[in-house]
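In: whatever this is, show me its structure:
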Amino acid sequence: MNEDLIVAVASGKGGTGKTTVAVNMAAALSRAQFSVRLVDCDVEEPNAHIFLKTVMTSRESAVVPVPVVDEEKCDGCGKCGDVCRFSAIIALGTKAITFPALCHGCGGCVMACPKKAITESSREIGAIEKGVSQGIEFIQGYLKIGEAMSPPLIRAVKKQAVGDGVTIIDAPPGTSCPVIQAIRGSDYVILVTEPTPFGLHDLDLAVETVRQIGIPFGVVVNRAGIGDARTHDYCAVQDIPIIGEIRDDRRIAEAYSRGELVIDALPQLGKEFLGIFGRAASGARKREDDPQ
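Out: Below you'll find the model as predicted:
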């Protein structure tokens, strides 16, 4: 079966079960004869491959363009620094100084320089790996140790995710720039939370972030039953659909600790993950059908 849809799985905090939902939903869809692609955009600590036992078939370096200043031509006018929002290049005295680790590779300084004193070179920031497992096309990024910014690598990883079928994006945790880069362009966002005070606090932050971007979303409550009803009450007040609940079960934690899929340890949960996807797909189609 084919359904062209991009679903991002995100969370306001780490440890809520985001990757558990992403990998098990992908596996359940694959076993249901969907064409599935899983993209691990948590490039600082990718781990989805562990659960899928992915065999990597290719690896390539990921690079970003960074400015190189010709000091013979540069007169220190500062126009390059004026257009750089990240202070990756500034003019001091009669010459421009670059800070490659801060550069987002937009090329604005090259275009702004009236003396044509700035060119670009490449700087490696990480790697992109591809593989196949259980009929799932798999793509992940590895951020190079010491790199400060992951969004350029996340962009590069997402560019590799082309073709028909369902694309599931395992986003980084939190609500900062990497998350926004990962979920942007998705048809639907699944926010995974847990019914605890910490989970609710960070869910509220994640909800605000996704609403600012304007992507339809729903909530999956993981470890349901361990806390109280405040998460459900919050979703009701905020008019947020709860598209799935995964009950707290020691067997799920044990499977996770062994690096196994939940739907292998508890096959009956396969229908739950298919149901989560189905409700996400319905939410995405509802947006497309909205005349506004």
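In: chain center to the helix or strand where N222 lies: distance?
Out: Element membership for N222, per DSSP states H and E: strand 217-224. With CA atoms, centre = their mean, to the nearest Å as the basis, strand 217-224 stands 17 Å off its chain's centre.
In: could you do stretch 89-101 as well?
Out: 32 Å.
In: make sure E71 is actually in contact with G93.
Out: No. The criterion here is CB atoms under 8 Å, and E71 misses it with G93 at 11.3 Å. (Glycine included, C-beta is placed from N, CA and C.)
In: who's more crowded, those two?
Out: Between E71 and G93, E71 has the larger neighbour count (other CB atoms under 10 Å), namely 11 against 7.
In: excluding chain neighbours, what is closest to the more buried one?
Out: Once flanking residues are discounted, E71 sits nearest to K95: 5.5 Å by CB to CB, 6 or more residues apart in numbering.
In: got a list of what the closest residue to G218 other than its chain neighbours touches?
Out: Nearest residue to G218, sequence neighbours excluded (CB to CB, 6+ apart): I243, at 3.8 Å. I243 is in contact with I190, G218, V219, V220, I276, R279, A280, G283, counting by CB atoms under 8 Å, 6 or more residues apart in numbering.
In: can you map out the strands along the chain?
Out: According to DSSP state E, the chain carries its strands in the segments 5-10, 36-40, 55-69, 89-92, 95-98, 118-133, 136-143, 166-170, 188-193, 217-224, 242-247.
In: okay, those in JSON lines with mean pLDDT next?
Out: Listed next are those as JSON lines, based on pLDDT from 0 to 100:
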{"stretch": "strand 5-10", "mean pLDDT": "98"}
{"stretch": "strand 36-40", "mean pLDDT": "98"}
{"stretch": "strand 55-69", "mean pLDDT": "95"}
{"stretch": "strand 89-92", "mean pLDDT": "94"}
{"stretch": "strand 95-98", "mean pLDDT": "94"}
{"stretch": "strand 118-133", "mean pLDDT": "96"}
{"stretch": "strand 136-143", "mean pLDDT": "97"}
{"stretch": "strand 166-170", "mean pLDDT": "98"}
{"stretch": "strand 188-193", "mean pLDDT": "98"}
{"stretch": "strand 217-224", "mean pLDDT": "97"}
{"stretch": "strand 242-247", "mean pLDDT": "97"}
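In: of all the ones you listed, which lies closest to T16?
Out: For the strands of the chain, the distance to T16 is smallest for strand 188-193, at 4.8 Å, taking CB to CB.
In: for this protein, longest helix please?
Out: helix 270-289 (DSSP state H).
In: for that one, C-alpha coordinates in CSV please.
Out: C-alpha atoms of helix 270-289 as CSV (Å, rounded to 0.1, in the frame of the first residue of the first chain):
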residue,chain,number,x,y,z
GLY,A,270,0.8,-3.6,16.4
LYS,A,271,-2.8,-2.6,15.9
GLU,A,272,-2.4,0.3,18.3
PHE,A,273,0.5,1.7,16.3
LEU,A,274,-1.4,1.3,13.1
GLY,A,275,-4.3,3.1,14.7
ILE,A,276,-2.0,6.0,15.7
PHE,A,277,-0.9,6.3,12.1
GLY,A,278,-4.4,6.1,10.8
ARG,A,279,-5.6,8.9,13.1
ALA,A,280,-2.6,11.0,12.1
ALA,A,281,-3.3,10.5,8.5
SER,A,282,-6.9,11.5,9.0
GLY,A,283,-5.8,14.7,10.8
ALA,A,284,-3.5,15.5,7.9
ARG,A,285,-6.2,14.9,5.3
LYS,A,286,-8.6,17.0,7.3
ARG,A,287,-6.2,19.9,7.0
GLU,A,288,-6.0,19.4,3.2
ASP,A,289,-9.8,19.3,2.9
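In: so what secondary structure elements neighbour it?
Out: If you count contacts as 3 or more CB pairs under 8 Å, 6 or more residues apart in numbering; DSSP states H and E, helix 270-289 packs onto strand 5-10, helix 18-31, strand 188-193, strand 217-224, strand 242-247.
In: and the residue nearest to E71, how far is that from D75?
Out: For K95, the distance to D75 (CB to CB, to the nearest Å) stands at 8 Å.
In: how about I263?
Out: In terms of CB to CB, I263 sits 64 Å off from D75.
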